[in-house]
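J.: return atomic coordinates for the entry below.
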Amino acid sequence: MADDDLNGKFCYFHRDLSHGSYGSDVTCLQQYLKHQGFLCEEPSGFFGPTTVTAVTRWQVANHLYPPTGLYEFTSRGLYAKKNNLPSAEELLALEVQAQGGIRTCIDVVCMDADGGEFCQIACLKRGSSVTDKMHLCQQACQVAAGEACDRVFPPTQPRKYKKCLSLVARSCKQACQKALEKE
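T.: The predicted model follows:
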């Protein structure tokens, strides 16, 4: 998977992940772990025992002690740093700075698998860099798109769910590029 949209290098983790978590952020983490050689199975969107083992191996390889298999604050921060991305907390700080002042809001509109739209709005203070806008847009989109996949495909349709989740990164990249062009 040489494609940057599928190798997990553009994941935005807005929450901690652990055994039993599921969603597009889990899929993105699994894509990253697979690309890095820590996970052997195909991404499923479910944080099960093999993902716990892969995260533990990644934590040991990156000197995060004690290795817990939980993908929490320290792991999320290291991932962001290694991939030149802002952490979820840094993106939240950008949104908080925009409150009460003159701000720029980006509407992200994407289509989900059943043809419906999902929307998310991300706001920053006016004059924010294009890079900050793109990161915040992609994070907002990944959250909304993951929720759309969760809504459209029940657990009884795992193949369609996995396909939906696998398209989130590319769909969000395209949607955010369009949103920023309109600005």
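J.: please report how far residue 62 lies from residue 22.
T.: Taking C-beta to C-beta, to the nearest Å as the measure, residue 62 and residue 22 are separated by 24 Å. Where C-beta positions appear, they are placed from N, C-alpha and C, glycine not excepted.
J.: residue ranges for the helices of this protein, please.
T.: Counting by DSSP state H, one finds helices in the chain at the ranges 24-35, 49-61, 73-82, 88-98, 130-152, 158-166, 168-182.
J.: quick check: angle from the fourth one to helix 73-82?
T.: Interaxial angle, helix 88-98 versus helix 73-82 (axes from the mean of the first three to the mean of the last three C-alpha atoms, to 10 degrees): 80 degrees.
J.: ok, back up a step: most tightly packed of the helices of the chain?
T.: Each of those was assessed for mean neighbour count using mean count of other C-beta atoms under 10 Å. The highest is helix 24-35, with a mean of 25.
J.: which other residues reach that one?
T.: Applying C-beta atoms under 8 Å, 6 or more residues apart in numbering, the set of residues contacting helix 24-35 from outside is 1, 6-15, 17, 39-47, 51, 54-55, 58, 71, 79, 142-143, 145-146, 149, 162, 165-166, 168-169.
J.: output the below-cut-off pLDDT ranges for this protein.
T.: Low-confidence segments of the chain, defined by pLDDT under 70, are located at 1-6, 107-119, 154-155, 183.
J.: residue 62 and residue 22: who's more crowded?
T.: Set residue 62 next to residue 22 and count neighbours by other C-beta atoms under 10 Å: residue 22 wins out with 19 against 15.
J.: enumerate every residue touching the residue lying closest to the more buried one once chain neighbours are set aside.
T.: Distance criterion C-beta to C-beta, 6 or more residues apart in numbering; nearest residue to residue 22, sequence neighbours excluded, is residue 46 at 4.7 Å. Counting by C-beta under 8 Å, 6+ apart, residue 46 makes contact with 21-22, 26.
J.: and the nearest residue to residue 50 once chain neighbours are set aside, how far from residue 143?
T.: Distances taken as C-beta to C-beta, 6+ apart place residue 41 nearest to residue 50, at 5.7 Å, with adjacent residues excluded. Relative to residue 143, residue 41 is positioned 25 Å away (C-beta to C-beta).
J.: same question, residue 160
T.: Computed as C-beta to C-beta, the residue 160 to residue 143 distance reads 20 Å.
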